Structure formats: structure tokens, C-alpha cells
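Participant: Sharing a model that was predicted from the sequence below.
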Amino acid sequence: MLDIDNIRRQFPIFSTTTKTPLVYLDNAATTQKPLVVLERLQRFYSYENANIHRGIYQLADDATRHFEKARSRVAQFINAKYPDEVVFCSGTTEAINMVAQGLRKYLSSDHQLVVTAMEHHANFVPWQTVCNQTGARLRVIAVKPDGTLDRDQLDAAIRQKPAVLALTHISNTLGTINPVHEIVALAKEHGVITVVDAAQSIAYDHLDVKDLDCDFLAFSGHKAFGPMGIGVLYGKEEQLARLEPYQQGGSMIIKVSEESTTFKPPPHGLEAGTPPVAEAVALGTALDFISGIGLSKIKVHNHSILLYAKEKLSSLQGVQQIGPENETSSIVSFLMKDIHPHDVATILGESGVAVRAGHHCAQPLMQALNIHGTVRASFTIYNNREDVDQLIDALKTVEKVML
Amino acid sequence: MLDIDNIRRQFPIFSTTTKTPLVYLDNAATTQKPLVVLERLQRFYSYENANIHRGIYQLADDATRHFEKARSRVAQFINAKYPDEVVFCSGTTEAINMVAQGLRKYLSSDHQLVVTAMEHHANFVPWQTVCNQTGARLRVIAVKPDGTLDRDQLDAAIRQKPAVLALTHISNTLGTINPVHEIVALAKEHGVITVVDAAQSIAYDHLDVKDLDCDFLAFSGHKAFGPMGIGVLYGKEEQLARLEPYQQGGSMIIKVSEESTTFKPPPHGLEAGTPPVAEAVALGTALDFISGIGLSKIKVHNHSILLYAKEKLSSLQGVQQIGPENETSSIVSFLMKDIHPHDVATILGESGVAVRAGHHCAQPLMQALNIHGTVRASFTIYNNREDVDQLIDALKTVEKVML
Amino acid sequence: MSESLKKLYNHLILDRQKDLSNFEKNENAQITLEAYNPVCGDQFKLYLDFDNNTISKASYYGYGCSLSRASTSLLVELLPGKSGKEVLECIQSYYRQLEDDKEDRSELIKALSMAKEFPGRKQCVVLSWDTVKHFIQNKRA
Amino acid sequence: MSESLKKLYNHLILDRQKDLSNFEKNENAQITLEAYNPVCGDQFKLYLDFDNNTISKASYYGYGCSLSRASTSLLVELLPGKSGKEVLECIQSYYRQLEDDKEDRSELIKALSMAKEFPGRKQCVVLSWDTVKHFIQNKRA
Ligand SMILES: Cc1ncc(COP(=O)(O)O)c(C=O)c1O
Ligand SMILES: Cc1ncc(COP(=O)(O)O)c(C=O)c1O
């Protein structure tokens, strides 16, 4: 069992000295930051700050070392084979764009790319764009009314040997956990390049890329107790090597002449310009923080809060939960009678309960489910049962106000 | 006159409690961070952290407001016409790639792009790349042996009406200040799109984009006392509107369907995914810090330190300064007899003097000047004459060790 | 429950959004506008018929929150009988009333004006109004 | 001046880098390798001639810092007379000596081994050695 009170004390935002106590249930959008992460950021900028690479003085050499140590830390966290399979970037969005544009030169109207209707726009629009650019066809796998993937359709699509399958591990809207192991295994059999969006899983469950065997995987630091502006593209060594460099600039170059340029091999050849060094280092600390608590414990806690919330929501008349009954992470989406999600969220917000409302950057999913939006509550380690109780109380207020 | 002691006290890295006092002369690579910036970052992550856009609760609304206020602050700092002419990105490198790739669809073998031989790789390789992708020709304007641009060649090239002129305001290697006003004015007469790399000027001199009248301008936060992972692309409203979105993802979208996507207008349509909100906000604070001291005073101080350094270097036998005599910012590049720059930098580093050595991400410039690299010292507000004296002392040690 | 919340969700808004007068499709309308807010997915069709330069009929249909529905309902109620110039004046006057509590305002507009005190809701009460304004301005230009 | 700095810039290194024996172009060499470090721009051509499988002649030419020049000078001095297998053993032995101060080492290698204590300089003393190693390994594979 987690000591939630102790965990909460490590997050200044929940300190009782702030004016209204915050019931923060928008963790799928971004998580709050623990003191250790804040302190690491502060220490770097206060005493360790330098640009990395090429530095022939101690400060720069140390900064480089901290940055590369963070790379190793990430590699270890997701069980990559080599640290050099970890490319630092600004977030999940950039990571996926990097793959889509990096593969652009290999794609033509002969190719099909497969995504699903439950993708976040970040794992949908880059693929749609590269299809428009190259003539490749985009195949969108349906989502069933219960919020799970249409596996028959997906499996059939994979058997047609598309060039790429881009799939989210966990739906940011419904919390649906996709059986990525099975799906990646099938894709591998058919020679399909697999791209896994792990934005919602990095702080929820153990990720083991060796075991999962996907070609690429992407996540953001800010959803895993780390800073904004830092994210990770994992890629198998030989797959990263195939990507055209997404961006060009300093430190990713071997030789530049007026005529041509030779790029470094990955990961450095994919990291153009001054990277967010402090943020990468603090991401390493955030992963230490997660490991210190233990992902298994985190998962048990988060899921127990989810189950409590689902049970409580079920007891509220007129609340309809959207998404699968089981196999969900710590996210619950719902509708309340025919009240617009934004009206619900405004009234919850007035009661100090922060939830998200709307399409959650998943418009194709909204279209598939034939709804306009949902109210979404998402939980993590610092949430407790009282948070859920306050959500429920506030929902009762919504009813009073609106009906 | 600046009160340098007072300024130094605002930078924890110069606190006397650290083991070796740091003589930091690598400001062209990245600047150190003042307390106000550290505190702003800390406050955001401690008490104000939320994902922005679409948030229907106070915390998210406030975060959005802070982010947009930072945008206005940047716009005001460079005197943009509208805040919406400011696009936040990860740095100068991304900003320039965003323009080069954003213009890609308009370019073909009918077009010529003009850059100069003194560009940082970040303002060279993206243009070379888009030329390779589209068949457009890259014209590289020569640098004269004194480290200034060959204006005759440049002006002639502009009169041929190239599609784009990409030019650095200040050379990061030599400190050469290019007469960008004159050059942009000529380019405008001939209908050339102008892209100014202001990475080295943002914290050195007043930038007024209305007066300068360039189409695009780019800089990084980390070279202006701000955090890493944040930068700015300024673009005239109608020019930004022409760019293809460089990256696709959440929050830059109006409508997504399986068939197609409608993007928001700039700046939001060019900011895909979760932006580095905290870093943008802290960049606003860094610009306040600069304005608080006053760019005019900063320039006078920095230039006086430069002149002092140049004079002292001249008095050292065997030191050859590379670059123009006058019209330089606070950067000096030099060679010491035939000692390799890395040997010089190592021995300086041992004496606690941090300088950069090598090609400074400007290989075409090295080729033009027919050298392999230089030692570079770059100064800013917290540097004083003692720093220069220590540099000179350490150079005497180099001579003792090496000769 | 805070005072401002009470004012925002004043019964006039709630009644208004449930009031289905003028809430109807009109596929034969001379002009059909789309009012769309990508942030929340609110989306209304606005149907306008003209007689000479005067709006003779207005209705709306679609999906939205209580605020956008109530404000759209108010809009289409006010449009008929107005010329382009009068429509613009009417919209300007509405915007002024939303901002300025010194204006002489109806209870409904008082309620709608509270939207600005709530995160992310300011847009809801002007969505359809903005759409009509842009249409009329472009038409006159 | 620190002890490690003194050791690094031991006069043996400085003498060695000024020692121009084997510092010569050999355009007719059977094999020409390029040792290049993008970080500092150090760049040497390594010229090798073979007799059967044994290196008969080695020289170098190019630009580099004191450490890369001294280490390259040492390398080409050691190569002649060695078979591929012996070259690899020699390189391995050099790498061991750089790392391990228990090894019985020449004064020059002791000096070169100090490079690892200085930011960004570790690469300098193995640049040419790595290049020859990769060439021999690929040749044998
Ligand atoms: C003139 C110039 N342009 C571009 C850059 C690249 O900036 P960044 O690495 O922050 O993207 C730099 C900094 O190294 C620079 O000095
Ligand atoms: C599943 C999923 N993919 C991608 C993203 C995009 O992440 P970011 O905005 O950090 O780039 C998110 C977060 O909103 C997400 O939940």
C-alpha cells in the first residue's frame, strides 16, 4: 500500500497553505511535480548549467555526463538494449512526427499506414499528413461501441502487410488498455513497423521494449512527474538508423561543406541544436521517483482509485460511463444526463475539482462513438478516496444547478 | 555603468561557496541563469502547473494566461506588431527548421536560396536540406578574410531575386555584426523572404522587428538568461500563415476526421502538442530581467569588456585574433601560435577559465577562413575585467606548458 | 455554491437552453452559417432568410453547452426584422452589455455576462454572434 | 598548474608531437585511412603499405592537437613489421595501458593516459588507433 499522505507532502501544489485545496483529476493531461524533480532542475540551473557536447571545460563535461546519464536512466527504465536507442526530444508529439517524417522518403502510393480511431491527434494527424505528402493510404481501424479496438479488423489489416502500424498503448480518453504485446507480435510476423504511443503508460505500468519488441515508442516527461519540454523517442538501433534526420543543426553533424552534410548516427544525429539538458536530467530524477515508489504499487493504487471512482459514479443516477468495463488504466470518461461536459467541468471547477472536458484531442474517437465529448477524470499516486468523494459531491451539485 | 558585483550575486553559479571560482566565458554557447528566472520556473512547477488550452478549471486557465502573457512579453521585447506573430518552439534550431520545412512546398528547381558562409549550422544545414529535397539551389555568400561578408557578392545575389535569404545577425564564431537593416531593406526591394538568426543578438542589442522589417526571426531562450528547451520563431502575420505546419498533434487543430484535418491559424497552428509552458513563462521573466538592467547598458558593458579583452590579447605575443577589427559583439575568436585550440582550452579549463574551442558549429566558415578551429571567449553582463585578466594569465600558462 | 456560479447558471439560461423555439433545421434557408468551437466541439447551424436586405427568418440547430445554446437562442430571436447594419449594431450592443455592468441589461444577458468569470467559457456566449458578425461584415465589404 | 596537467603535457608528448619522423604524405600507399574527429576537427591520413599480411611501412599526415598527434606518431612507429593479428593485439595492449596504471607502461603512454582526466579529451588519444582497429577488423571479417 502506498502512503498517500507522505506522497502528497512531496508535491508543493497540494500543500495546505494554498488558498483552495486542489482536487487534481487531470493527470492524463499532465502530472504535478514532486520536490525531488523541482530540486534537480534547480540544482542544474544553479550550479551545473552549461551547453553540452564539444565543451573542453569541467562544467560542460559534467553537463554532458548528466545528460548522457539521463539517457541511460531512460534506457534502463524501459529496458532498452542500448542507451543510444533513446532519443531526447520535446515530447510525444515531436517523437511521433520524427518517425513519420523520418520514414517519409520510403513511402509512396504503394504503401498503407494503419492507425486506430482511438489515437490521440498526436498519433493520428502526423500519419495522415505523411500520407497526404506521399500518396500512401491511411487505414483507420474502428473502435467498438464499448471503447475497445475492433481486433478482427485490426488483425486483417495487419495481414495485408501495411508499412507502419501506429497504436496507442492506453487511450488517453477512455483508459482502454490495448493488448500491445499480442498486436506487435502479429505485426512483426508480417514485417510491419510498429510505433507505440506510450504517453499514458509510462507512469502507469512497466514498459519493457525488449519484451514488447516494438520498433518505436514515444512518451513525454511531463506526464511522468517530469518537466515540460522533454520527451523520448525510443527506437531499435537499426530502425533509428533508417530515419531521415527530422531536424538539422548543431551537434548532430559530422561534416558540413557547401555541397553536402554528413550526419552523426543516432541518437545524436536525431538531436539537432541545444537540447533541453536540465529537463532531460530532471526527467531522469522523475523516473527515479517512480522507481522509488515502485510501478507495481503505483498500478495497484491507481487502479484501486479508479475502481472506487467507477463504483461511486455507477451509483449516481444519470451518469453514463464511456469505455470498456475492464482493462482500463486510471482514466474514466463519462457523461451526465444530457448536460454538456463543459457545463459539468465548470461546476466541478468551482468546487475545486479539476477535470478535463471535451474531445481530449481524439476527435476520430468521438466520431466513432457518436458523441461530442466527455468529462474525464484521471488518477495517479497522489489521489485518494477523498478526491473521488469530492468529485461525486461536486457532481451532485451539477445536478442541482442544471436540472 | 552596471553594478557587476550586484549582478553576479544574482547568479548562484558564481556564488563564492562553490569549489573553484568560475570564469565563465562561454556565453555564446549558453548563458547562466539569474535567481528570478530560477524562482519563476520553480513557482510555476510548484503552484501553477497545468496543461494549457482547453482547461475548464482555474489552474489550467491561469497557466494558459501565463503562457499567453509570455507571448505578449516576447512580442513587446522585439516590438512585434501582434503577440500572435510569436511562435513558441524549442529553440533557434527548431525555429529555422520550421521555416525551411514550412516553405518546402513552394520550392522547386526554379528557386534559389541564399545563405552565408558565416552561418551557424542551424541556419545552414536546414536550407541545404530543403534544397536537396526540392531541387532548389543553395547559394553560399563568401566571407572575406577579415571575417565580414562579401557585400558585393551578397547584393548581387539579392538582385537575382532568390526565394529566401537566411542570414545571421551576429556571427557566433567571430562576433561579426552584419548590417541586417541595410541587407533586409535591399532584399525587400527584390521580394526576397528574409530569415534572420538572432540567437546571438537577443541578449546583446535592441531588436525591433517592425523597424528591421524581416519576415522571420529566430532565437533561443537559453542564450538570453532563460531556460533550455524554449525558443521563438517570430514571423510576420501573413508570412506565418503561409507556412505548412511543421508538426502535427494536439491543440493545433480545428477539426480532424479520417479524411482530413483543418489546422488553426498561427501561432497556435504551429505549436503542436504540449508546449514547454513553464519554460516560456520563465523566458518572459528572463526578458524582464534584461529590460530591468537595460539593453543599452548591457551593450556598453559587454562591448567594453570585449575591447579590454582584445587589447590584452593583442599584447600577448603570438596570439592572432580572427575576425573583424570593429563591428563585433562581445565575442572574440583567436589562435595562439600553432597550438591546437583544444590544447589551449584544456589548459584554460584547468585554470577555471571556461572557453569554447573548435569549429563552433560553423564548418563552412572555418573552410572559408582556411582554419581548423579557434578558441572563443564570449562575454556578458556578469563578466568583469578580472575575468579577462584571468583569461590572459591562463594563456600565459598555456605558453609555458606548450612551448 | 458560489454567487457567480449561481448567477451564471441563472434559471433564465437554463430555461432558455431548454426553450426549443427557433431550434429547428431549415435546409431551404438562403444562408446557412456554421458556428463551431474546436475547443469544446460546440457546433450550430444558423439558418437565415432575407427579404430585401432584411432578415426575415432565423433559426438554429446543433449541439452546444447551456451557455452557447442560450446565447444562440437569444441571437436568433433578435435577428428577424433587422437590416445588416442593424444586426451589427445589435451585436455590438450585446458585446457591450456582456462587458459593462453599467449598461441597462436584461436578466438573461446579466447571466450570460458571468461567463467571463469562468475558465474557458468566455467563448461560449459569443460563438454564434461572432459567426453572424463575420458573415454580415464580409457581405457588406 | 595541477599535477595532472603537468603529467598530460609531459614533455614526452610535446616532444613527440614535434617529432616529425613518419609525418609525411604517401600518395602511393596501398591503403589510406582517414581518422577524423568531428568534435575538434582533428583529421589525419594514415598511410599503410603491406608485404604479404604484414605492415611494411606506415606514416601519417594531417592536423590535430598535441595528444592526437603524439598518439598517432606512436601508433605509426609501432605498426611496421606487424601482422593484422599482431596489430590488434598491440592496439588492445595500448588501450589496457591507457586505463590501468598497474600495467608496465612507457612514460609516453603514462602521459597519454592522463587524457581521460580532462574534459572532452579522451577521444584524442585513441582517434587513430580506433581507425586502424576498425580497418583491420573489417579486413579480417
Ligand atoms: C548564431 C546561432 N544560430 C543558431 C544557434 C542554435 O541555437 P540552439 O542550439 O539554441 O537551437 C546558435 C547557438 O549555438 C547560434 O549561435
Ligand atoms: C495518448 C497520448 N498521445 C500523445 C499525447 C501528446 O503528448 P504531448 O502533448 O506531451 O506531446 C498525449 C497527451 O496529451 C496522449 O495522451
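Facilitator: That came through fine. Ligands and ions are numbered 1, 2, ... in the order given.
Participant: And the helices in chain C?
Facilitator: C:3-8, C:11-18, C:66-78, C:84-99, C:107-113, C:127-140 (DSSP state H).
Participant: Quick one: the ones you listed as JSON lines, columns for mean neighbour count too.
Facilitator: In short, each C-beta sits where N, CA and C put it, glycine included. Shown next, in JSON lines, are the helices of chain C (neighbours: other C-beta atoms under 10 Å in any protein chain shown):
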{"stretch": "helix C:3-8", "mean neighbour count": "16"}
{"stretch": "helix C:11-18", "mean neighbour count": "18"}
{"stretch": "helix C:66-78", "mean neighbour count": "24"}
{"stretch": "helix C:84-99", "mean neighbour count": "16"}
{"stretch": "helix C:107-113", "mean neighbour count": "19"}
{"stretch": "helix C:127-140", "mean neighbour count": "17"}
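Participant: need the ones you listed in JSON lines with mean pLDDT and distance to B:Thr194, can you?
Facilitator: As requested, the helices of chain C are arranged in JSON lines below (pLDDT from 0 to 100; distance: least, C-beta to C-beta, whole Å):
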{"stretch": "helix C:3-8", "mean pLDDT": "87", "distance to B:Thr194": "49"}
{"stretch": "helix C:11-18", "mean pLDDT": "85", "distance to B:Thr194": "51"}
{"stretch": "helix C:66-78", "mean pLDDT": "95", "distance to B:Thr194": "43"}
{"stretch": "helix C:84-99", "mean pLDDT": "95", "distance to B:Thr194": "39"}
{"stretch": "helix C:107-113", "mean pLDDT": "93", "distance to B:Thr194": "45"}
{"stretch": "helix C:127-140", "mean pLDDT": "92", "distance to B:Thr194": "32"}
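Participant: for those helices, which one sits closest to B:Asp84?
Facilitator: The closest of the helices of chain C to B:Asp84 is helix C:127-140. By C-beta to C-beta, the value is 17.0 Å.
Participant: beta partners of A:Thr116?
Facilitator: Beta-bridge pairing for A:Thr116 (DSSP bridges): A:Ile141.
Participant: Contacts only, for it.
Facilitator: Residues near A:Thr116 by C-beta atoms under 8 Å, 6 or more residues apart in numbering or on different chains: A:Val140, A:Ile141, A:Ala142, A:Val143, A:Leu149, A:Leu154, A:Leu167, A:Thr168, A:Asn178.
Participant: Kindly report the same for A:Asn51.
Facilitator: A:Ala60, A:Ala63, A:Thr274, A:Val277, B:Asp26, B:Ala29, B:Thr30, B:His222.
Participant: for the stretch 101-250 of chain A, what spans make up the helices?
Facilitator: For the stretch 101-250 of chain A, helices defined by DSSP state H, counting those that start in this stretch occupy the ranges A:125-134, A:151-159, A:180-189, A:209-212, A:237-242.
Participant: and the first one, what's its mean pLDDT?
Facilitator: Yep, that's helix A:125-134 we're talking about. Mean pLDDT, helix A:125-134: 98.
Participant: What is it packed up against?
Facilitator: helix A:92-103, strand A:112-116, strand A:137-141, strand B:253-256, strand B:261-263 (3 or more C-beta pairs under 8 Å, 6 or more residues apart in numbering or on different chains; DSSP states H and E).
Participant: Nearest spatial neighbour of C:Glu107, chain-adjacent residues omitted?
Facilitator: The shortest distance from C:Glu107 to any non-neighbouring residue, by C-beta to C-beta, 6 or more residues apart in numbering or on different chains, is to C:Leu12 (5.2 Å).
Participant: quick one: the one you found and C:Ile109 touch, right?
Facilitator: No. C:Leu12 lies out of contact with C:Ile109 (C-beta atoms under 8 Å); the separation is 9.2 Å.
Participant: so what's the residue lying closest to C:Cys124 once chain neighbours are set aside up against?
Facilitator: Using C-beta to C-beta, 6+ apart and skipping the chain neighbours, the partner closest in space to C:Cys124 is C:Leu67 (3.8 Å). Counting by C-beta under 8 Å, 6+ apart, C:Leu67 touches A:Asp343, C:Leu8, C:Ile13, C:Leu112, C:Ala115, C:Arg121, C:Cys124, C:Val125.
Participant: measure the last one to C:Ser59 for me?
Facilitator: This means C:Val125. According to C-beta to C-beta, to the nearest Å, C:Val125 stands 19 Å off from C:Ser59.
Participant: The second one too?
Facilitator: Shown here: C:Leu8 relative to C:Ser59, a distance of 26 Å by C-beta to C-beta.
Participant: Tally up the residues packed near A:Val388, please.
Facilitator: Neighbours of A:Val388 under the rule other C-beta atoms under 10 Å in any protein chain shown: 24.
Participant: so which strand or helix has the residue lying closest to it once chain neighbours are set aside?
Facilitator: In space, and not counting its chain neighbours, A:Val388 is closest to A:Ala309: 4.6 Å by C-beta to C-beta, 6+ apart. In this assignment (DSSP states H and E), A:Ala309 forms part of helix A:295-315.
Participant: any idea of the mean pLDDT in that helix?
Facilitator: 96.
Participant: ok, and what's touching it?
Facilitator: The contact list for helix A:295-315 (C-beta under 8 Å, 6+ apart) reads A:1-2, A:4, A:175, A:203-206, A:290, A:319, A:321, A:328-332, A:334, A:377, A:379-381, A:383-385, A:387-389, A:391-392, A:395.
Participant: how about 7 Å then?
Facilitator: A:2, A:204-206, A:290, A:319, A:321, A:328, A:330, A:332, A:334, A:377, A:379-381, A:383, A:385, A:388, A:391-392 (C-beta atoms under 7 Å, 6 or more residues apart in numbering or on different chains).
Participant: Are any of the residues you listed buried, and if so which?
Facilitator: Buried members of the contacts of helix A:295-315, counted by 16 or more other C-beta atoms under 10 Å in any protein chain shown: A:2, A:204-205, A:290, A:319, A:321, A:328, A:330, A:332, A:334, A:377, A:379-381, A:383, A:388, A:391-392.
Participant: and A:Val74, backbone torsions?
Facilitator: phi -60, psi -50 (degrees, to the nearest 10).
Participant: How many residues are close by it?
Facilitator: Residues contacting A:Val74 under the criterion other C-beta under 10 Å number 24.
Participant: domain ranges for chain A?
Facilitator: Following automatic domain parsing, one finds the domains of chain A at A:4-30+A:294-402, A:38-292.
Participant: Pretty sure A:Arg8 sits against A:Tyr382.
Facilitator: Yes. A:Arg8 lies in contact with A:Tyr382 (C-beta atoms under 7 Å); the separation is 4.9 Å.
Participant: more neighbours, these two?
Facilitator: Each of A:Arg8 and A:Tyr382 has its neighbours counted (other C-beta under 10 Å); A:Tyr382 has more, 23 against 18.
Participant: pLDDT score assigned to that one?
Facilitator: For A:Tyr382, the pLDDT comes out at 98.
Participant: Can you tell me which of the helices of chain C is nearest to B:Thr262?
Facilitator: That would be helix C:127-140 among the helices of chain C, by C-beta to C-beta, at 15.8 Å.
Participant: picking that back up, as JSON lines, the domains of chain A with distance to ligand 1 would be great.
Facilitator: Shown next, in JSON lines, are the domains of chain A (distance: least, C-beta to the nearest ligand atom, whole Å):
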{"stretch": "domain A:4-30+A:294-402", "distance to ligand 1": "24"}
{"stretch": "domain A:38-292", "distance to ligand 1": "3"}
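Participant: Name the stretch among the ones you listed that sits most buried.
Facilitator: Mean neighbours per residue, mean count of other C-beta atoms under 10 Å in any protein chain shown, is largest over those for domain A:38-292, with a mean of 22.
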